[in-house]
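**Q** Model the structure of this input:
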Amino acid sequence: QVQLVESGGGLVQAGGSLRLSCAVSGRTARSYAMGWFRQAPGKEREFVAAISWTGASTDYADSVKGRFTFSRANDRNTVYLVMNSLKPEDTAVYYCAADLTHLGPLYFPDEYDYWGQGTQVTVSS
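**A** Numbering: from 1, shown residues only. The predicted structure is shown next:
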C-alpha cells in the first residue's frame, strides 16, 4: 500500500515563503511521477506543479510559474514544493499525488493513483 503524507503548510503573510514536503512510503519515490494540486473553498481542485519520475522535467501552472519550485529527493522518498512570493490567492489545501505507471509530468487529477491527505496553506494580506 502506498501512502503520501504532506507537511509544511501553515499561515504566512503575503510575500512570504513556505516549503511543502510529501513523504512517500510503500514504494520508492523514484518510481513515481508526482504532482501538487490545490483546492480552495468552493472551487475545484486545480493543478499546481508536476515532476517526472526522474526529476528531469517539471511544469507549473501559469499562476505559480516563477514563484514555486518542485523538486524530488528520491534517496529520501520525498518531494518538495518551495513556494515563494506567496499571495492571498494561493490560499488552499495543497495535495500531493503520485502515479505508478507513467513517466510524467502529468497534469490532471484523474491521471494520479494516490493522494495525500492535504495540508492547509493560508496567506494573509
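**Q** Just the element for the residue nearest the centre of the chain, please.
**A** Most central in the chain under CA atoms, centre = their mean is Trp36, positioned 2.5 Å from the mean C-alpha point. With elements taken from DSSP states H and E, the one containing Trp36 is strand 33-39.
**Q** Now do the helix or strand that that strand is followed by against strand 33-39, angle only.
**A** Moving toward the C-terminus from strand 33-39, the next helix or strand (DSSP H and E) is strand 46-51. If you take axes from the mean of the first three to the mean of the last three CA atoms, to 10 degrees, strand 46-51 sits at 160 degrees to strand 33-39.
**Q** Alpha carbons of strand 46-51, as CSV, please.
**A** Below are the C-alpha coordinates for strand 46-51, written out as CSV (Å, rounded to 0.1, in the frame of the first residue of the first chain):
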residue,chain,number,x,y,z
GLU,A,46,-6.5,22.7,-9.7
PHE,A,47,-3.1,21.7,-11.0
VAL,A,48,-0.1,23.5,-9.4
ALA,A,49,3.0,21.6,-10.4
ALA,A,50,4.2,18.3,-11.8
ILE,A,51,7.5,16.4,-12.0
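**Q** list the helices and strands that strand packs on?
**A** The helices and strands touching strand 46-51, judged by 3 or more CB pairs under 8 Å, 6 or more residues apart in numbering; DSSP states H and E, are strand 33-39, strand 58-60, strand 68-73, strand 78-83. (Glycine included, C-beta is placed from N, CA and C.)
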